[in-house]
Structure formats: C-alpha cells, structure tokens
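K.L.:
This is the structure alone, sequence omitted:
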C-alpha cells in the first residue's frame with residue numbers, strides 16, 4: 001500500500017512563504033511522477049504543478065508560475081512545494097499525488113493521493 005503524507009501547511013500572511021512536503025512510503029518513490037493540487041471551498045480540485053520521476057521535467061499552472069517551485073528528493077522519498085509570494089487566492093487544501101507520468105497528473109489522473117494539508121493566507 002502506498003501512502004502519501006503531506007505536511008507544512010499553515011497560516012501565512014499575504015506575500016509570505018511556505019514549504020509543503022509530501023513523504024511517500026510503500027513503493028519505489030523514484031518510479032513515480034509527483035504532483036501538487038489544491039482545492040478551495042466550493043471549487044473543484046485543480047492542478048498546481050508536477051515533476052517527473054528524475055526531476056527532468058516540471059509543469060506549472062499559469063497561476064503559480066514564477067512563485068511556486070516543485071522539487072523532489074529520491075533518497076528521502078519526499079516531494080516538496082516551495083510557495084513564495086502567497087496570495088489570498090492561493091488559500092486551499094493542498095494535496096500531493098503520484099502517477100506514472102507528469103502529463104497524467106496535469107489532467108488530475110493519479111494512482112495515489114495524500115490526505116491534504118490546509119494553507120491559509122491572510123490579507
């Protein structure tokens with residue numbers, strides 16, 4: 001059984017930064033592309049960013065380009081989302097997910113999902 005556990009969410013002022021982590025256990029982490037998604041109250045879950053198994057390819061939603069950065073450590077079996085310049089509209093529950101390809105993640109198709117971590121941005 002694959003488990004994904006997010007951490008690092010919290011309350012931050014607009015313009016601030018947070019780093020989310022997604023720890024993966026149960027399967028070979030480096031076999032999977034990893035992605036981050038978010039869902040705000042009353043809205044559908046949306047793609048934020050994804051990274052290939054070896055870090056060689058990354059994709060970002062237009063809304064976060066230049067502010068967010070995804071990375072991964074295949075030794076620590078962990079993916080990260082560095083979020084800078086946070087805006088109130090970034091406030092959501094953030095989920096990580098694992099899939100066979102980056103392009104699958106971009107269309108919200110994933111093999112495994114985490115439980116989510118809340119990010120709150122105060123204006």
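P.N.:
Done, it's in. Everything numeric in this text was worked out from a predicted model, so none of it was measured.
K.L.:
Tell me who's in contact with the residue most central in space within the chain.
P.N.:
Per Cα atoms, centre = their mean, the C-alpha nearest to the average position across the chain is that of residue 36, at 2.2 Å. By Cβ atoms under 8 Å, 6 or more residues apart in numbering, the residues touching residue 36 are 20, 22, 48, 49, 50, 70, 79, 81, 94, 95, 96, 97. For every residue, glycine as well, the C-beta is placed using N, CA and C.
K.L.:
In strands, which of the residues you listed fall?
P.N.:
Secondary structure defined by DSSP state E assigns 20, 22, 48, 49, 50, 70, 79, 81, 94, 95, 96, 97 of the contacts of residue 36 to strands.
K.L.:
Reformat those as CSV; add neighbour count.
P.N.:
Listed next are the ones in strands among the contacts of residue 36 as CSV, based on neighbours: other Cβ atoms under 10 Å:
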residue, neighbour count
20, 24
22, 27
48, 25
49, 24
50, 26
70, 23
79, 31
81, 27
94, 24
95, 22
96, 30
97, 25
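K.L.:
gap between residue 35 and residue 7?
P.N.:
17 Å (Cβ to Cβ, to the nearest Å).
K.L.:
So for these two, which sits in the more crowded spot?
P.N.:
Set residue 35 next to residue 7 and count neighbours by other Cβ atoms under 10 Å: residue 35 wins out with 28 against 13.
K.L.:
Please, where are all the strands along the chain?
P.N.:
Under DSSP E, the chain gives strands at 3-7, 10-13, 18-25, 33-39, 46-51, 58-60, 68-73, 78-83, 92-99, 112-113, 117-122.
K.L.:
Report the buried residues of the second one.
P.N.:
So that's strand 10-13. residue 12 (16 or more other Cβ atoms under 10 Å).
K.L.:
Average pLDDT for that strand, rounded please.
P.N.:
The predicted model gives strand 10-13 an average pLDDT of 98.
K.L.:
now what about that strand, what contacts it?
P.N.:
By Cβ under 8 Å, 6+ apart, strand 10-13 touches 18, 86, 118, 119, 120, 121, 122.
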